[in-house]
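Undergrad: What follows is a predicted structure for the sequence shown.
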Amino acid sequence: MEQTFIMIKPDGVQRNLVGEIIGRFEKKGFTLKGLKLISVDSAFAKKHYADLSAQPFFNKLVDYIVSGPVVAMVWEGRNVVATGRKMIGTTNPSDSAPGTIRGDYTIDMGRNVIHGSDAVESAKKEIALWFPQGITEWKSSAHHWIFE
Ligand code: IDP
Ligand code: MG
């Protein structure tokens, strides 16, 4: 089953959106396979965002991610990468539809509360980076009520 890496950024933690965001993924039917509250340093943040190192906003982005604890998660389910991105909304909250996490709770692109992997391959890389010890294997007893 497909997995994605989801991170509630420091602003999401500080704004008490952790329960709300986790609740959306839970209620959708996805399965939580990894979860931790963690503060990362800039070397780690630079690794996570390595693909964006040439962007003019890169240093500000790294400062943002290290500015407080984040909630790192692995969620599992059919099409969870693409569906997770839809639930999150577009990068710029001005374009994010109401009903999406960014559309409902954010205004500024530099304070958009959540990260989600953009492809299955990047999800694998990000899960390996954030959960080097691996994730928790379990099967939800709701599985048969969510999948035909
Ligand atoms: P994504 O988070 O929607 O996948 P990316 O392009 O991967 O968007 O950018 C990573 C993060 O960098 C964004 O979530 C946002 O916090 C920040 N970011 C992206 N573009 C800009 C920008 O033009 N100005 C400031 N911050 C940006
Ligand atoms: Mg991205």
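TA: Received it, and whenever you're ready, just let me know what you need. Numbers count the residues shown, from 1 in each chain. Ligands and ions are numbered 1, 2, ... in the order given.
Undergrad: Now do residue 55 against ligand 1, distance only.
TA: Residue 55 sits 7 Å away from ligand 1, taking C-beta to the nearest ligand atom, to the nearest Å as the criterion. All C-beta spots, glycine's among them, are computed from the backbone N, C-alpha and C.
Undergrad: try residue 87
TA: Relative to ligand 1, residue 87 is positioned 12 Å away (criterion: C-beta to the nearest ligand atom).
Undergrad: Could you check how many residues crowd around residue 64?
TA: One way to gauge burial is a neighbour count; for residue 64, by other C-beta atoms under 10 Å, it gives 17.
Undergrad: Assess the claim that it and residue 10 are in contact.
TA: Yes - Residue 64 is in contact with residue 10 according to C-beta atoms under 8 Å; the separation is 6.8 Å.
Undergrad: what about stretch 117-125, distance to the chain center?
TA: 11 Å (C-alpha atoms, centre = their mean, to the nearest Å).
Undergrad: So what's the residue count around residue 115?
TA: Burial measure for residue 115: 19 neighbouring residues, criterion other C-beta under 10 Å.
Undergrad: and what of residue 78?
TA: If we define neighbours as other C-beta under 10 Å, then residue 78 has 11 of them.
Undergrad: Enumerate every residue touching the residue in the chain that ligand 1 sits nearest to.
TA: Among all residues of the chain, residue 91 sits closest to ligand 1, at 3.4 Å; criterion: C-beta to the nearest ligand atom. Applying C-beta atoms under 8 Å, 6 or more residues apart in numbering, one finds that residue 91 lies in contact with 102, 109, 112.
Undergrad: now do residue 84
TA: With contact set as C-beta under 8 Å, 6+ apart, residue 84 has these partners: 4, 6, 25, 30, 75, 116-117.
Undergrad: in the chain, which spans are helices?
TA: In chain order, the chain shows helices spanning 10-14, 18-28, 42-48, 58-65, 80-88, 101-105, 120-130, 143-146, with DSSP state H as the criterion.
Undergrad: Not counting the shortest one itself, show me its contacts.
TA: What it means is helix 143-146. By C-beta under 8 Å, 6+ apart, the list of residues contacting helix 143-146 reads 29, 31, 77, 140.
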